[in-house]
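Participant: Okay, structure incoming, though there's no sequence with it:
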C-alpha cells in the first residue's frame, strides 16, 4: 500500500491486481506472459496461446462482443491490441516477434 491508499496484490496465478485510492476498488488486472512461461492464462480465454493471431482469435471467441484492433507502434518494438468494454478496456501487448508479453484489463479510466 502506498501513501495514497493504492495497493497491488500478486496472486498465486501471477495476476497483478491494482486497487485504486478511491474506495479501494479493483481497477486493473494484468499478467506478464514471462511470469507464467507456457502455463495457460485464464484471463480472456488466452490459454496457452502466445502468438498474436492466436491470442486475438481466442480473445474474440471468449468475448464475441469485443472488437479487438491492433496497432504496431511507430518504433516497431511492440504491437498493442485492444478493445473497449463498457467504461473499461482490454489491452494485449506483443513483442517484435508478435509474441504476447502482457494482458491487461482496466475497469475504467482512473488517472
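Facilitator: Perfect, thanks for sending it. These numbers were taken from a predicted model, which means no experiment stands behind them. Numbers count the residues shown, from 1 in each chain.
Participant: So what touches the longest helix along the chain?
Facilitator: Longest helix of the chain, by residue count under DSSP state H: helix 52-62. By C-beta atoms under 8 Å, 6 or more residues apart in numbering, the list of residues contacting helix 52-62 from outside reads 44-47, 49, 66, 68, 70, 79, 81, 83, 90, 92, 94, 98-100. The way it works is simple: take the backbone N, C-alpha and C, and place the C-beta from them, glycine included.
Participant: rerun at 7 Å
Facilitator: In this structure, residues lying in contact with helix 52-62 by C-beta atoms under 7 Å, 6 or more residues apart in numbering are 44-47, 49, 66, 68, 70, 79, 81, 92, 94, 98, 100.
Participant: Buried ones among these?
Facilitator: Neighbour counting with 16 or more other C-beta atoms under 10 Å marks 44, 45, 46, 49, 66, 68, 79, 81, 92, 94, 98, 100 as buried within the contacts of helix 52-62.
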